[in-house]
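J.: no sequence on this one, just coordinates:
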C-alpha cells in the first residue's frame, strides 16, 4: 500500500489532497516540524537522498518532489483519475502545469522570499524583475482558467492539486508574510478558483492535524 510521509505544513498536503480526491488507498505517516528550526525532523530527512518533503513510498519505489509523486499516484494508483483523457490537449497541458507550478511559479516565489529575508528593498531592480515574472505567471494562470471550473477543464486533476497548496502560500494562508502576493486580489477568477479548491472535503483532509 502507498505510504504518504506527511510533513505538516508542507507540499505533502498535495499528496493527501490527491489520495482523497482520487480514492487512492494509502496510509499516512506524519511528522511534526522541529519546534526550534521549523524544518523537517532528522528521521524525515533520511527517507530520501534529497532530504525534503514530500516523500511517498510504494513497495520499493520511493519518490520525492510533489509533481513526480502526483504523476505516479495518478498514473499507477488512481485508476485513470487525476489526468484528462490521455493524449488530449488538456492532458499535455496538465503535465505542463504540474512542472510550471514548481519550476516557474514557486521558484519565483522563493526568490522573492529570499530577497525579503535579506532586506532587499521592494523598490530594487531585483525585486522588480521577480515581480514582473510573477505577474506573468499569474496572468498565464488567469487566462488559462478563463471561465472553466478547473484549470484543465470540468474535472479536478493533479494540476489543480498542485495549485491548491501554492495558492495557500500566495494568499498567506500558509507561512503568512513570507510568500504572499500583495496584488493577489487583482485576479478575481483565480480568487474564486482558489476558494473552490478549498471548499472541498479533500482539501480539508489535507489540512488535518491528527494523523
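T.: In hand now; what should we look at? Because the structure is a prediction, the values reported are computed rather than measured.
J.: Give me the below-cutoff pLDDT ranges for this protein.
T.: 121-122 (pLDDT under 70).
J.: What segments of it are helices?
T.: 12-21, 42-45, 66-72, 89-100, 107-117, 125-145, 158-170, 188-198, 201-206 (DSSP state H).
J.: With respect to residue 3, which of these lies nearest?
T.: Ranking those by proximity to residue 3 (Cβ to Cβ) places helix 12-21 first, at 10.2 Å. Backbone N, C-alpha and C define where each C-beta goes, glycine included.
J.: can you list contacts of the closest one?
T.: For helix 12-21, the surrounding residues in contact (Cβ atoms under 8 Å, 6 or more residues apart in numbering) are 2, 4-6, 24, 26, 28, 53-56, 66, 69-70, 73-74, 78, 81-82, 156, 158, 161-162, 164-165, 200-203, 205-208.
J.: relative to helix 188-198, how tilted is it?
T.: 70 degrees (axes from the mean of the first three to the mean of the last three Cα atoms, to 10 degrees).
J.: Nearest residue to the spatially most central residue of the chain in space, ignoring adjacent ones along the chain?
T.: With distances taken as Cα atoms, centre = their mean, residue 162 lies nearest the centre of the chain, 3.5 Å away. The spatially closest residue to residue 162, leaving aside those adjacent along the chain, is residue 101, at 4.3 Å (Cβ to Cβ, 6 or more residues apart in numbering).
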